[in-house]
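Asks: Sequence plus predicted model, see below.
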Amino acid sequence: MRHLPNLITAFRLLLTALLAILLMFEQKTGLAFLCCLLFAIAAATDWVDGYLARRFKAVTTLGKLMDPLADKLLVATALIMLIPLGRLPAWVALVIVSREMMVTGLRGLASSSGIVVAASGLGKIKSTLQYIGLGTLIFPLGLLPIPYLHQIGLGVVYLALVLTVWSGFDYFYKLRQVFLVEERGQM
């Protein structure tokens with residue numbers, strides 16, 4: 001049971017790779033539905049592995065490293081692969097991926113200073129909105145009688161974008177002590 005959360009995280013990485021490959025092909029209804037299903041399963045594993053790790057006290061260093069990495073790879077994959085499909089402006093993907101890289105670097109810097117940074121509530125809401133918006137954009141048009149489905153998904157992604165930037169500033173503000181300690185140490 002101790003390794004189950006890490007195995008689930010590894011499964012998410014495999015699903016992400018498969019999703020990237022499948023999103024390269026023309027998105028006819030069946031394939032688009034399969035992609036959406038893979039994305040939804042992969043996103044769900046984000047909550048399952050963390051829950052199991054905490055429930056069974058199976059938190060490992062590998063899990064602490066791989067879980068957020070797998071989350072970011074899943075979101076980045078969907079963001080990037082939706083650009084050539086014409087469903088997402090490239091600048092949105094650029095801003096979100098850039099923020100994720102900067103916060104990951106900041107968390108690594110904080111970790112090297114002995115500061116553990118847990119995901120914030122704002123960050124969790126941001127991730128949930130990203131999953132909902134991206135899943136909606138992957139979902140095939142016409143399968144359900146929902147008008148403006150992709151416009152709705154894009155609206156959710158724009159909302160997630162605002163929270164992404166906001167939570168990024170929040171991380172930098174809360175961790176400003178990391179920079180202040182570094183500067184004092186150099187004087």
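Replies: Good, I have the coordinates.
Asks: Residue 3: neighbour count?
Replies: Counted with other CB atoms under 10 Å, residues neighbouring residue 3 total 12. C-beta coordinates here come from the backbone N, C-alpha and C atoms, glycine included.
Asks: Contact partners for it?
Replies: Neighbouring residues of residue 3 by CB atoms under 8 Å, 6 or more residues apart in numbering: residue 58.
Asks: one more time with 10 Å
Replies: Applying CB atoms under 10 Å, 6 or more residues apart in numbering to residue 3 gives the contacts 10, 58, 60, 62, 63.
Asks: Of these, just the buried ones, ChimeraX syntax please.
Replies: Burial among the contacts of residue 3 is assessed by 16 or more other CB atoms under 10 Å; the matching ChimeraX selection reads:
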select :10,58,63
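Asks: Show residues contacting stretch 10-20.
Replies: 3, 34-46, 48-49, 62, 66-67, 69-78, 80-81, 138.
Asks: which of those are buried?
Replies: 34-36, 38-40, 42-43, 45-46, 48-49, 66-67, 70-78, 80-81, 138.
Asks: now the protein, which segments are flagged as low pLDDT?
Replies: Along the chain, segments meeting pLDDT under 70 span 179, 181-187.
Asks: That one: helices as residue ranges?
Replies: Using DSSP state H, the helices of the chain run over 4-22, 29-55, 61-82, 90-112, 121-138, 149-174, 176-186.
Asks: Give me the angle between the fifth one and helix 90-112.
Replies: Interaxial angle, helix 121-138 versus helix 90-112 (axes from the mean of the first three to the mean of the last three CA atoms, to 10 degrees): 150 degrees.
Asks: Which strands or helices does helix 121-138 pack on?
Replies: Other helices and strands packing on helix 121-138, by 3 or more CB pairs under 10 Å, 6 or more residues apart in numbering; DSSP states H and E, are helix 29-55, helix 61-82, helix 90-112, helix 149-174.
Asks: Which one of these lies nearest to residue 121?
Replies: Evaluated with CB to CB, the helices and strands packed on helix 121-138 place helix 149-174 nearest to residue 121, the distance being 9.2 Å.
Asks: Residue 9 reaches residue 58, doesn't it?
Replies: No: applying CB atoms under 10 Å, one finds residue 9 not in contact with residue 58, separated by 11.5 Å.
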